[in-house]
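1. Structure for the following, please:
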Amino acid sequence: MTALRTILLSVALVLAGGGGLAVATDRFQAFTTETARRLAVRRHPVAVPAVPLESQTGARFTPADLQGRWVLVDFIYTRCLTFCTVLGNDFAQLERRLAEPIAQGRVRLLSISFDPAHDDPARLSGYLARFGDRGPGWEAARPLTPQGLDQLTAAFGITVLADGAGGYTHNAAIHLVDPAGRLVAILDMDQVEQVTAAVLGRLAS
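-> Okay, the predicted model is just below:
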């Protein structure tokens, strides 16, 4: 009888532990913070705050000015030679692949710097030039206030940590904002075909 009770108790503990794990990991789907971030956005789109930005040309605008089209957004800093280089190459390819809907005013690409004190319009322009700037389809911009930067990184789920060597450690992805100005999907960088298909599929629906 004692052995049976021990077995039953062990089974109960395993089931209880499994239930707790299912809750903690959003039914076993969210095993990482990044996965959880993507699932949350897909289920509950996030309104992008209308914070003031300055582009590579010195023009002032807010994300709200881009409503009415699909916008691909990444977060970069111009001194970065790792993730940001991958993202820059991705956006250069996406600008070519999505040239037609960009020309129609249906799609826009936007790179936002999280190092605004350093990344002035001249440096943002230089960043675009590194990847073959082809016109107004792809803009780079910096938030004009620290509060604006905080609002944007919070809305998009961007984590930025100083690395102690003058650079930053940060998460990197491509973010899809719908024509209503809501973040609706987070996509992998270095997966240009999948990102292109995601945008074209939404344009066709």
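2. Can you pull up the most central residue in the chain?
-> By CA atoms, centre = their mean, the chain has its centre lying nearest to residue 175, at 3.5 Å.
3. and that one, bridged to which residues?
-> With DSSP bridges as the criterion, residue 175 is bridged to residue 73, residue 186.
4. Report pLDDT for it.
-> For residue 175, the pLDDT comes out at 98.
5. swap in residue 133?
-> On the pLDDT scale, residue 133 gets 80.
6. hey, where'd the helices end up in the chain?
-> In the chain, the segments counted as helices under DSSP state H are 2-24, 33-43, 83-97, 99-103, 121-130, 146-156, 192-204.
7. how many other residues sit next to residue 157?
-> 20 (other CB atoms under 10 Å). The way it works is simple: take the backbone N, C-alpha and C, and place the C-beta from them, glycine included.
8. pLDDT score assigned to residue 35?
-> 88.
9. For it, grab the count of nearby residues.
-> Residue 35, neighbours per other CB under 10 Å, totals 14.
10. likewise residue 33?
-> Neighbour tally, residue 33, other CB under 10 Å: 11.
11. and what of residue 150?
-> Neighbours around residue 150, by other CB under 10 Å: 13.
12. same deal with the one 10 residues further on?
-> Around residue 160 there are 14 other residues, counting by other CB under 10 Å.
13. So it sits against residue 152, correct?
-> No: using CB atoms under 8 Å as the test, residue 160 is too far from residue 152 to be in contact (10.9 Å).
14. list the contacts for residue 166?
-> residue 79 (CB atoms under 8 Å, 6 or more residues apart in numbering).
15. how about a cut-off of 6 Å?
-> Counting by CB atoms under 6 Å, 6 or more residues apart in numbering, residue 166 touches no other residue.
16. Residue 62 contacts residue 50, correct?
-> Yes: between residue 62 and residue 50 there is a contact under CB atoms under 6 Å: 4.3 Å.
17. roughly how far apart are the nearest residue to residue 38 once chain neighbours are set aside and residue 95?
-> Distances taken as CB to CB, 6 or more residues apart in numbering place residue 186 nearest to residue 38, at 4.5 Å, with adjacent residues excluded. Remark: distance between residue 186 and residue 95 (CB to CB, to the nearest Å) = 20 Å.
18. now stretch 41-51, how far from the centre of its chain.
-> 11 Å (CA atoms, centre = their mean, to the nearest Å).
19. again with stretch 76-94
-> 13 Å.
20. ok, now stretch 105-120?
-> Counting by CA atoms, centre = their mean, stretch 105-120 comes out at 12 Å from the chain centroid.
21. The residue nearest to the centre of the chain: what's it in contact with?
-> Counting by CB under 6 Å, 6+ apart, residue 175 has contacts 73, 156, 183, 186.
22. Neighbours of the residue nearest to residue 89 when sequence neighbours are not counted, how many?
-> Excluding its sequence neighbours, the residue lying closest to residue 89 (CB to CB, 6+ apart) is residue 131, at 6.5 Å. Neighbour count for residue 131, taken as other CB under 10 Å: 18.
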